[in-house]
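Visitor: Fold the following.
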Amino acid sequence: MKNTCFKKMVLLLVLAVCAIPVHSQVTSKQIDSVVIYAMSQFNVAGCAVAVVKDGKIIHESGYGVKSIDTREPVNPNTNFAIASNSKAFTTAALAMLVEDGKLNWDDKVKTHIPEFTMYNQYVEENFNIIDLVTHRSGLGLGVGDLMFFPQGSNFTIDDLLASFQHFKPESAFRTKWDYDNLLYIVAGELIARKSGMTWEAFIDSRIFKPLAMENSYASLSEISDTSNLSASHSTETGTMRIITTFEKMINGAAGGIFSNVNDMSAWMLLQLHEGTYGDGLKKQLFSKDNHYEMWKIHTVMDANSNPRYNSHFAGYGLGWFLTDVKGNMQVEHTGGLPGMLSKVVMIPDLDLGIVVLTNTSNDGGGLFSAITQTIIDMYLDMDDFQWIDKYAAYMKSNQSGADAVVEKVWDSVAKNDQSKIKTKNYIGMYEDVWFGKMEVFVKDNQLWLKSHRSPLLNGPLQFYKDETFAIKWEYQDMNADAFAMFTLDENGVANGFTMKGISPNIDFSFDFQDLYLKRLD
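Guide: Numbers count the residues shown, from 1 in each chain. Reported below is the predicted structural model:
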């Protein structure tokens, strides 16, 4: 009798255990269904998705096409620009140099790069290596990115290192998070100086090769066989079209890597295994201590207020965003360049990693958010929140609102009498202390503006109102059209102008608001 009761108890216990949801039961077929539905709701040419769980790749697949011209399908080895997901490779490289004895995290930047400047002496002298990669400099969002967006400018590392003294801080040093690409480029220069090789060579030899990321490249120029490289697409002008693939800045430390979901799975597994890899995880790329340093909050941010995930903290580590979701730590980063968007998200408590690579602006951002959030919810055993439908609706509403603002501006311009502008009062050379010269001149009986250092920034100046002109750049790969707002002297002659983007959705890297162009002549 006792034995029978015991067996019943064991049976009940087994049944109870079996009733507990098992996270790893999410299947590749289920993930496939999520992505296929998402692709039907967003205007994206192609994407690739991989999921790793419990040390294995459980799903990897391509969807859509690499190019709307060739119609060749995306596959798991198709390369995309991962953009700012390159930043975590940069911090891993720094960690490896720390372990090589070449650096310490708290070393002052000027110790290794004497030409480095900042907006005041205290910040300049105390700016350390961790400050380079944690977006807490005090400078504003995307400051100085106009040196490299759009591509094709002639700014050098010397220009960049000297530029920081000219930017005005928007917050106190180390008190606020504001995303910064330029300081990651400085980190790339630091890696080059301390390792004796370029950032690109370091990433290739010290990270890609050990992890067998055989089809990943630290820059576009290193891809000799482009047969499995995705084209870049944009829908910003209404219809989808192929645009020029962004190559790189001075170095690729802020966003230069091209990779694929198969190779990025190896990268996620390395991260989830705290720097170890290979058979039996016997090999080590970086130490557990430095892995902790990279996954530790260095810059505090506001936690997600959505009660759905019961998040208590949020912040930025070294190349990673960090938060908690339903009691589980979450580590993630996104990346965006013209025509290429990416997202990597990991939940180490579930031994879970997800990567989504896309080849289309703007809907690619909605796509990668919807896919990753839906898959995460599946693993957290949460209800279907219909993230795909919600993000698709948001993207349409957001784009529609921005389009309305832009259309209103150009409607006003079209109604204005452009012939009444006293062009001679604006013609001349103007200069910003970090961006260099911009010239106002007459071309085909039309006032025109061009940058001398960023040649794709040129276009007609069309009267909007008061002393404000609207500029439609010849560069249209992204929606970067801008206002130029002139100031006049007592004789009505322009003595300078400031700028700002027209669209409320303009990418933050077009930081026109950081310019002040002063007349030279």
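
Visitor: where do the helices sit along the stretch 251-400 of the chain?
Guide: Shown for the stretch 251-400 of the chain, the helices assigned by DSSP state H, counting those that start in this stretch span residues 261-272, 288-294, 363-379, 387-415.

Visitor: ignore the last one, the stretch 1-150 of the chain
Guide: So, for the stretch 1-150 of the chain - with DSSP H, counting those that start in this stretch - the helices run 2-19, 28-41, 87-99, 109-112, 121-126, 129-132.

Visitor: mean pLDDT lowest for which of those helices?
Guide: Least confidently modelled of the helices of the stretch 1-150 of the chain is helix 2-19, at a mean of 37 by mean pLDDT.

Visitor: What residues of stretch 452-467 count as buried?
Guide: Using 16 or more other C-beta atoms under 10 Å as the test for burial, stretch 452-467 gives 452-454, 456-464, 467. Glycine gets a C-beta too; all of them are placed from N, C-alpha and C.

Visitor: now, which of those residues sits nearest residue 336?
Guide: Residue 336 lies nearest to residue 456 out of those, by C-beta to C-beta, at 18.3 Å.

Visitor: List the contacts of that closest one.
Guide: 150, 151, 152, 473, 474, 475 (C-beta atoms under 8 Å, 6 or more residues apart in numbering).

Visitor: just the residues you listed now: which is nearest residue 288?
Guide: So of those, ranked by how close each gets to residue 288 (C-beta to C-beta), first place is residue 151, at 38.5 Å.

Visitor: Just say helix, strand or coil for the closest one.
Guide: For residue 151, the assignment made with DSSP: H, G, I helix; E, B strand; the rest coil gives coil.

Visitor: if we can go back for a sec, which ones among the buried residues of stretch 452-467 map onto strands?
Guide: Among the buried residues of stretch 452-467, the members found in strands (DSSP state E) are 458, 459, 460, 461, 462, 463, 464.

Visitor: Format these as TSV; extra columns: distance to residue 484 and pLDDT.
Guide: Below are these laid out as TSV (distance: C-beta to C-beta, whole Å; pLDDT from 0 to 100):
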residue	distance to residue 484	pLDDT
458	12	97
459	10	97
460	11	97
461	6	97
462	10	96
463	11	96
464	9	96
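
Visitor: Tell me how far the spatially most central residue of the chain lies from residue 264.
Guide: In the chain, the residue lying closest to the centroid (C-alpha atoms, centre = their mean) is residue 335, at 3.0 Å. Computed as C-beta to C-beta, to the nearest Å, the residue 335 to residue 264 distance reads 11 Å.

Visitor: joint contacts of the two?
Guide: Both residue 335 and residue 264 are in contact with 82, 85, where contact means C-beta under 8 Å, 6+ apart.

Visitor: Save the helices of the stretch 251-400 of the chain as TSV, and put in mean neighbour count, mean pLDDT and distance to residue 303 too.
Guide: Shown next, in TSV, are those (neighbours: other C-beta atoms under 10 Å; pLDDT from 0 to 100; distance: least, C-beta to C-beta, whole Å):
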stretch	mean neighbour count	mean pLDDT	distance to residue 303
helix 261-272	23	98	22
helix 288-294	17	98	20
helix 363-379	24	97	16
helix 387-415	15	96	19
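
Visitor: I'd like to know which of those helices lies nearest to residue 77.
Guide: Nearest of the helices of the stretch 251-400 of the chain (C-beta to C-beta): helix 261-272, 5.5 Å.

Visitor: Quick check: which ranges of the chain have low pLDDT?
Guide: Where the chain drops to pLDDT under 70, the residues are 1-24.

Visitor: what secondary structure does residue 513 sit in?
Guide: Following three-state DSSP, we place residue 513 in the helix state.

Visitor: dump the residue contacts of it.
Guide: Per C-beta under 8 Å, 6+ apart, neighbours of residue 513: 498, 499, 500, 501.

Visitor: Which helix or which strand is home to the third one?
Guide: The secondary structure element spanning residue 500 is strand 494-501 (assigned by DSSP states H and E).

Visitor: is it true that residue 199 touches residue 192?
Guide: Yes - if you go by C-beta atoms under 8 Å, residue 199 and residue 192 touch, sitting 5.5 Å apart.

Visitor: shared neighbours, these two?
Guide: Applying C-beta under 8 Å, 6+ apart, one finds that residue 199 and residue 192 are jointly contacted by residue 251.

Visitor: ok, these two, which is more surrounded?
Guide: Applying other C-beta atoms under 10 Å to residue 199 and residue 192 shows that residue 199 carries more neighbours, namely 28 against 18.

Visitor: Any figure for the gap between that one and residue 96?
Guide: Noted for residue 199: a distance of 12 Å to residue 96, by C-beta to C-beta.

Visitor: that older thread, list only those of the contacts of residue 456 flagged as buried.
Guide: The neighbour-count test (16+ other C-beta under 10 Å) marks 150, 151, 473, 475 as buried among the contacts of residue 456.

Visitor: Nearest residue to the second one in space, ignoring adjacent ones along the chain?
Guide: Taking C-beta to C-beta, 6 or more residues apart in numbering as the measure, residue 151 lies nearest to residue 246, with 5.5 Å between them; neighbours along the chain are not counted.

Visitor: Same check on the last one?
Guide: On the basis of C-beta to C-beta, 6+ apart, the spatially nearest residue to residue 475 that is not a chain neighbour turns out to be residue 456, at 4.0 Å.

Visitor: Including distance to residue 212, could the buried residues of stretch 452-467 go into a markdown table?
Guide: Putting the buried residues of stretch 452-467 into a markdown table (distance: C-beta to C-beta, whole Å) gives the following:
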| residue | distance to residue 212 |
| --- | --- |
| 452 | 45 |
| 453 | 41 |
| 454 | 39 |
| 456 | 38 |
| 457 | 41 |
| 458 | 45 |
| 459 | 46 |
| 460 | 52 |
| 461 | 53 |
| 462 | 54 |
| 463 | 59 |
| 464 | 55 |
| 467 | 59 |
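
Visitor: Looks like residue 338 contacts residue 234 (just checking).
Guide: Yes - using C-beta under 8 Å, residue 338 is in contact with residue 234, at 6.7 Å.

Visitor: so what sits against both of the two?
Guide: Taking C-beta under 8 Å, 6+ apart as the criterion, residue 338 and residue 234 both touch 243, 361, 477, 478.

Visitor: ok, the nearest residue to the second one once chain neighbours are set aside - contacts?
Guide: Yep, that's residue 361 we're talking about. In this structure, residue 361 finds its nearest non-sequential neighbour in residue 234, 4.9 Å apart by C-beta to C-beta, 6+ apart. Neighbour list for residue 234: 240, 241, 243, 338, 339, 360, 361, 362, 477, 478 [criterion: C-beta under 8 Å, 6+ apart].

Visitor: If we use 10 Å, what do you get?
Guide: 45, 240-244, 338-339, 359-362, 364, 476-479 (C-beta atoms under 10 Å, 6 or more residues apart in numbering).

Visitor: Any quick PyMOL command for the buried ones out of the residues you listed?
Guide: To isolate the buried ones among those in PyMOL, judged by 16+ other C-beta under 10 Å, type:
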select buried, resi 45+240+241+242+243+244+338+339+359+360+361+362+364+476+477+478+479
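
Visitor: sorry, back to before: now the shared contacts of residue 338 and residue 234 in TSV, with distance to residue 28 and secondary structure?
Guide: Shown next, in TSV, are those (distance: C-beta to C-beta, whole Å; DSSP: H, G, I helix; E, B strand; the rest coil):
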residue	distance to residue 28	secondary structure
243	33	strand
361	28	strand
477	35	coil
478	35	coil
